[in-house]
Structures are given as C-alpha cells and as structure tokens.
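**Q** Please work out how this folds:
(one chain, ligands or ions: 1)
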Amino acid sequence: MYIQAVTLFGEMFRSITEHGVTGRALQRGLWQFDAVNPRQFADNKLGYIDDRPFGGGPGMIMMAEPLQAAIHAAKSQQNGRVIYLSPQGAPLTHRKAAELAKLDGLILVCGRYEGIDERLLTSSIDEEISIGDFVVSGGELPAMMLMDAVLRLIPGVLGDADSAGQDSFANGLLDCPHYTRPIEFQGMAVPAVLRSGNHALIAEWRLEQALRRTLLRRPDLLAERELTPEESRLLRKIRQEERD
Ligand SMILES: CN(C)c1cccc(CNc2ccc(C(N)=O)cn2)c1
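**A** Below is the predicted model:
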C-alpha cells in the first residue's frame with residue numbers, strides 16, 4: 001500500500017515510519033510513505049497557505065489552491081483514495097479500517113489551523129473521517145492513528161497473522177483480559193483455566209470474558225452484533241450472574 005500525507009509537518013510521521021511494527025513493515029516493503037507539503041505549491045513568494053476567514057471569526061483557514069495543487073501532485077503518483085481527517089468526518093471504525101486496508105493507496109489530507117476552505121472538500125476530497133469526537137491541533141496525529149489501524153490489517157504486517165483477528169472490535173467485541181508471568185502478582189493469581197492447557201475451555205473462558213466486558217462497558221456494540229448460539233448461551237449465563 002502506498003500512503004501519501006498532504007501535510008505541513010511531514011517529520012511527524014517518523015513516529016510510525018521509523019518505529020514498531022509499522023516501521024518494520026515499511027522496511028520490508030509492505031507499504032510505502034511520502035509526505036507532500038502544500039507550502040511548496042503556494043503561488044506567492046512567501047509560501048502563504050492560510051488566510052483569514054471570510055465572515056470573520058478566530059484563527060486562520062487553509063487556502064484551497066495550495067492544498068489542491070498538493071493533492072494533484074500526490075495523485076500524479078498514484079490513484080489513491082483522498083481522505084480528509086476532521087472532527088466533522090464519519091467515525092473511524094474497524095470495519096472502515098478493514099475496507100481501507102484493501103485499497104492500493106491512500107492520500108491523507110492533514111488540516112491545521114481552524115480547518116480548510118470548504119470548496120477543497122467538494123472539489124478534491126473523496127471521504128472525510130474522524131477518529132473521535134475531539135479536536136487536536138492538526139490532522140497529522142489522526143492520520144497516523146488511521147494509518148496504524150489500517151496497516152495492522154494488511155497481511156504480513158503483524159508477526160502472528162492471527163493477532164489482528166483477535167483484536168478488539170475485529171470480532172465486534174471488546175478484548176478479553178490477558179495475563180503473563182509471574183503467576184502471582186500483588187496477591188492476584190492468573191485464572192487457573194489459562195494454565196490448564198485445555199484449549200477449548202480457554203477459548204470459551206476468553207469469549208465469556210469478552211462478552212461480559214462488552215456487556216458491562218459497551219452494550220451499544222452488543223446491540224448491533226449477530227450472536228452465535230454459543231455467544232447467546234454465554235450471554236444468558238452472564239446476565240443471570242449479573243442479576244444474582
Ligand atoms: C474544525 N477544526 C478545528 C478542524 C477541522 C479540520 C481539521 C482539524 C485538525 N484537527 C483535527 C483533525 C481531525 C480530528 C479528528 N477527530 O479526527 C481532530 N482534530 C481541525
């Protein structure tokens with residue numbers, strides 16, 4: 001996958017191109033990255049890329065032309081989907097990340113200041129995505145969150161292919177509790193079932209814990225999920241226990 005970021009701060013992306021599973025995957029050629037700086041497309045000598053908002057109001061707005069020229073330059077390298085990160089976008093979900101992971105490329109537009117000229121959205125953006133209902137100072141960190149969520153779903157990026165499948169949200173539930181050594185920590189022991197070697201029982205315990213946690217913390221996720229017969233049985237058992 002070829003990912004380009006239209007951004008004033010290309011150096012920020014080192015945090016995922018030079019570290020961790022995403023950094024290793026880049027070195028292994030599983031994906032490629034380039035930053036495109038709109039400032040190099042500003043037609044004035046001083047490289048202005050923002051200006052005051054018509055109608056007044058605080059802050060500055062990013063001008064459409066330099067961004068459009070930067071997106072045009074990115075599109076000359078690949079026919080990637082152009083995504084704008086903003087609080088006004090559709091919420092990023094696992095399902096959306098899985099959809100994006102199938103594409104050949106992405107062009108991620110990172111806004112700064114108070115946003116970008118609306119006409120850029122209508123003329124050059126394919127999709128607007130939000131990573132949550134909050135504002136940060138630029139679209140770069142949201143873009144990196146989206147990249148990481150997408151890249152880990154690309155086969156080969158994660159060492160054990162299976163671990164992405166066991167992700168929270170991958171199966172529509174929250175994750176189960178995890179334990180490692182020591183067996184006893186501050187008087188708390190590892191649940192015995194996890195040391196039983198009985199893999200069927202372990203799988204059932206993990207599913208039950210994921211269902212219980214989802215029911216207690218995120219019942220909204222349960223509301224929209226088809227349940228298998230086993231999950232329904234476990235959920236009935238959990239609801240009964242919660243009532244007792
Ligand atoms: C209207 N406004 C302030 C604004 C508009 C566009 C971009 C930006 C840059 N900041 C971002 C970007 C995305 C997210 C997110 N939730 O995905 C949060 N913050 C700010």
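
**Q** does Gly156 count as helix, strand or coil?
**A** coil (DSSP: H, G, I helix; E, B strand; the rest coil).

**Q** That one: what's it in contact with?
**A** 25, 28, 30 (C-beta atoms under 8 Å, 6 or more residues apart in numbering). The C-beta positions use only the backbone N, C-alpha and C, and glycine is treated the same way.

**Q** The longest strand along the chain close to the ligand?
**A** Longest strand in the chain, counting residues (DSSP state E): strand 81-91. Yes - with C-beta under 6 Å from any ligand atom as the measure, strand 81-91 is seen reaching the ligand through 85-87.

**Q** Can you lay out those as a markdown table showing neighbour count?
**A** Converted to a markdown table, those look like this (neighbours: other C-beta atoms under 10 Å):
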| residue | neighbour count |
| --- | --- |
| Leu85 | 25 |
| Ser86 | 20 |
| Pro87 | 16 |
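
**Q** quick one: which of the residues you listed is nearest Asn198?
**A** Nearest to Asn198 among the residues of strand 81-91 next to the ligand: Leu85, at 45.4 Å, using C-beta to C-beta.

**Q** re the thing from before, using CSV, list the CA coordinates for the longest strand of the chain.
**A** Extracted in CSV, the C-alpha atoms of strand 81-91 (Å, rounded to 0.1, in the frame of the first residue of the first chain):
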residue,chain,number,x,y,z
ARG,A,81,-8.5,7.5,-2.2
VAL,A,82,-8.3,11.1,-0.9
ILE,A,83,-9.3,11.2,2.8
TYR,A,84,-9.6,14.3,4.9
LEU,A,85,-9.2,13.9,8.7
SER,A,86,-11.5,16.2,10.6
PRO,A,87,-13.9,16.2,13.6
GLN,A,88,-16.7,16.6,11.0
GLY,A,89,-15.9,13.2,9.4
ALA,A,90,-17.6,9.8,9.7
PRO,A,91,-16.3,7.9,12.7
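
**Q** who does it touch, helix- and strand-wise?
**A** When contacts are defined as 3 or more C-beta pairs under 8 Å, 6 or more residues apart in numbering; DSSP states H and E, strand 81-91 packs onto helix 64-75, helix 94-101, strand 105-110, strand 127-130, helix 140-151.

**Q** Partner strands of it, with direction?
**A** Sheet pairing of strand 81-91 (DSSP bridges) gives strand 105-110 (parallel), strand 127-130 (parallel).

**Q** Contacts for the last one, please.
**A** By C-beta under 8 Å, 6+ apart, the residues outside strand 127-130 that reach it are 81-92, 96, 121, 142, 146.

**Q** Not counting sequence-adjacent ones, nearest residue to the spatially most central residue of the chain?
**A** Taking C-alpha atoms, centre = their mean as the criterion, Leu146 is the residue nearest the geometric centre of the chain, at 3.2 Å. Counting by C-beta to C-beta, 6 or more residues apart in numbering, Leu92 is the residue found nearest to Leu146 once chain neighbours are left out, at 5.9 Å.

**Q** Look at that neighbour and say how many residues are nearby.
**A** Using other C-beta atoms under 10 Å, the number of residues around Leu92 comes to 20.

**Q** From the ligand, how far out is it?
**A** 7 Å (C-beta to the nearest ligand atom, to the nearest Å).

**Q** show me what contacts Val150?
**A** 1, 97, 100-101, 106.

**Q** Can you give me the separation between it and Ile3?
**A** Applying C-beta to C-beta, to the nearest Å, the value for Val150 to Ile3 is 8 Å.
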